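> Quick one, what's the 3D model for this:
(one chain, ligands or ions: 1)
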Amino acid sequence: MLTPAEKTIYTGDTLQGVPVISQLSVKDLAPGQHRFFFQGVPMGTGQHWYVPVVVMQGAQPGKRLVLTAGVHGDELNPVMAVQQIMSQLHPTQMTGTVMAVYDLSRPAKEYTQRLWPTGQKGGALIDLNRVWPGDEMGDDAPTRHAGLLWNRLFQSNVDVALDYHTASTGGEFTMFIFADFRNPEIRQLAELFPVEQIKNDPGESGSLEMAFVKAGIPVMTIEIGGPRSFDRPKIAMTVEGSLNVLKHYGVIAGPLGRTAKDVGTFIGDSFETIRSTTGGYLELLVDLQDRVTPGQTVAIQRNSFGDVVAEYAVSVAGEVATLARDAVSEPGSRVLQILYNSSSPLSGGSHVSGDDY
Ligand SMILES: [Zn+2]
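Residues are numbered from 1 along each chain as shown. Next up is the predicted model:
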């Protein structure tokens with residue numbers, strides 16, 4: 001393990017007018033807005049992948065937040081959400097630091113695809129959200145890239161992290177947050193968002209969220225609907241919740257916007273995942289956020305002749321959280337997921353109300 005970044009290192013390069021850094025220590029930065037390209041892992045030809053970073057350094061020291069948009073390359077709502085959050089910040093009226101990091105999975109972003117295409121083994125695809133905290137001497141480029149970002153950009157500059165995602169290509173999420181309620185501070189942050197659903201969730205091994213959890217840093221994974229395009233209503237909910245978090249920590253001033261309590265966010269702790277049992281065309285009988293009851297048929301699958309080859313029913317009461325948007329469905333692919341409460345799987349979960357506080 002390297003020692004955390006003690007100072008900002010400028011490589012001396014400038015890219016499109018923006019200085020290149022190989023290490024950042026935000027305490028070196030004067031109040032104001034700063035743009036950098038962070039020098040990531042080299043490609044097979046020896047040139048580097050560069051990651052865009054914007055730092056808003058407040059007039060006074062305070063909480064340091066990082067907003068990450070682009071651990072997966074086909075997830076674009078996070079980019080607009082983080083850009084909009086940053087556009088509302090004024091360093092002279094801010095306390096602390098807000099750092100936006102875009103397009104972390106650079107080659108995946110270039111192809112609008114979830115996974116990082118490597119040159120190894122004829123083009124192995126790697127999920128950058130399963131390799132954190134990375135390893136600068138790891139066995140593949142994405143793992144090394146994550147290690148550089150973790151050691152030299154995140155580790156010594158972050159008190160609170162918000163990692164923005166969407167569903168993968170072919171599917172769609174509600175406006176959704178994964179939050180580990182074992183840490184009360186994380187629960188409090190999640191409920192500052194006026195989102196549709198929140199899942200109390202311990203996190204996925206190797207995810208950026210899990211790396212921050214293990215480092216003792218409050219963090220959430222925020223799923224802003226579907227991939228590949230901009231969903232303005234969900235982006236607006238994300239911006240409102242994120243600004244609430246900044247107000248909560250005193251980074252910016254102003255009254256809180258709407259929260260989970262105001263919009264009646266549905267909270268669960270479990271997913272029932274329905275997967276295709278065979279191949280065929282999928283007709284969905286429910287949509288995102290629909291309430292379902294045990295035994296309810298939620299999808300029908302037909303073969304090319306139009307014969308029904310499968311019907312899918314749920315066994316719990318809850319709300320639809322994710323859906324397949326691709327109508328062709330291979331055996332084993334995810335049809336949908338129901339968010340529910342393990343404490344009341346047959347009677348449905350709870351919406352946030354005043355009683356929960
Ligand atoms: Zn993602």
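
> in the stretch 201-350 of the chain, which spans are strands?
Assigned strands in the stretch 201-350 of the chain, in chain order: 219-224, 266-268, 270-275, 280-284, 291-292, 297-302, 308-313, 318-324, 328-329, 334-340, 350-351 (criterion: DSSP state E, counting those that start in this stretch).

> any residues touching the fifth one, and which ones?
Think strand 291-292. Contact with strand 291-292 is made by 286, 298, 314, 316-320, 338, 348, as judged by Cβ atoms under 8 Å, 6 or more residues apart in numbering. For the C-beta atoms, the positions are set from N, CA and C on the backbone; glycine is no exception.

> Same question for the third one.
Contacts with strand 270-275, where a contact means Cβ under 8 Å, 6+ apart, come from 199, 298-299, 312, 314-316, 318, 321, 332-342, 345.

> Check the offset of it from the chain's centre.
From the chain centre to the centre of strand 270-275 is a distance of 20 Å (Cα atoms, centre = their mean, to the nearest Å).

> Buried residues, that strand. List them.
Neighbour-count burial for strand 270-275 flags 270-272, 274 (criterion: 16 or more other Cβ atoms under 10 Å).

> before we move on, what about the fourth one?
Burial within strand 280-284, assessed by neighbour count using 16+ other Cβ under 10 Å, is assigned to 280, 282, 284.

> And the nearest residue to the second one once chain neighbours are set aside, how close does it get to the ion?
If I follow you right, that is Leu282. In this structure, Leu282 finds its nearest non-sequential neighbour in Ser329, 4.4 Å apart by Cβ to Cβ, 6 or more residues apart in numbering. Noted for Ser329: a distance of 21 Å to the ion, by Cβ to the ion, to the nearest Å.

> Now do the contacts for Ser329.
276, 279-282, 301, 335.

> just the residues you listed now: which is nearest Glu209?
Comparing these against Glu209 with Cβ to Cβ places Val335 closest, at 25.2 Å.

> burial count for that closest one?
Close neighbours of Val335, defined as other Cβ atoms under 10 Å, add up to 21.

> So for the closest residue to it other than its chain neighbours, what pLDDT did the model give?
Spatial nearest neighbour of Val335, excluding adjacent residues (Cβ to Cβ, 6+ apart): Ile274 at 4.4 Å. Per-residue confidence at Ile274 stands at 98 (pLDDT).

> so what's Ile274 bridging to?
Note on Ile274: beta-bridge partners by DSSP bridges are Leu336.

> before we move on, back to that, among the contacts of strand 291-292, which ones are buried?
Applying 16+ other Cβ under 10 Å to those flags 286, 298, 314, 316-320, 338, 348 as buried.

> Kindly reformat those residues as a markdown table containing distance to Gln188 and pLDDT.
Listed next are those as a markdown table, based on distance: Cβ to Cβ, whole Å; pLDDT from 0 to 100:
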| residue | distance to Gln188 | pLDDT |
| --- | --- | --- |
| Val286 | 32 | 98 |
| Val298 | 33 | 98 |
| Val314 | 31 | 98 |
| Val316 | 27 | 97 |
| Ala317 | 27 | 97 |
| Gly318 | 24 | 97 |
| Glu319 | 22 | 98 |
| Val320 | 27 | 98 |
| Ile338 | 26 | 98 |
| Gly348 | 24 | 69 |
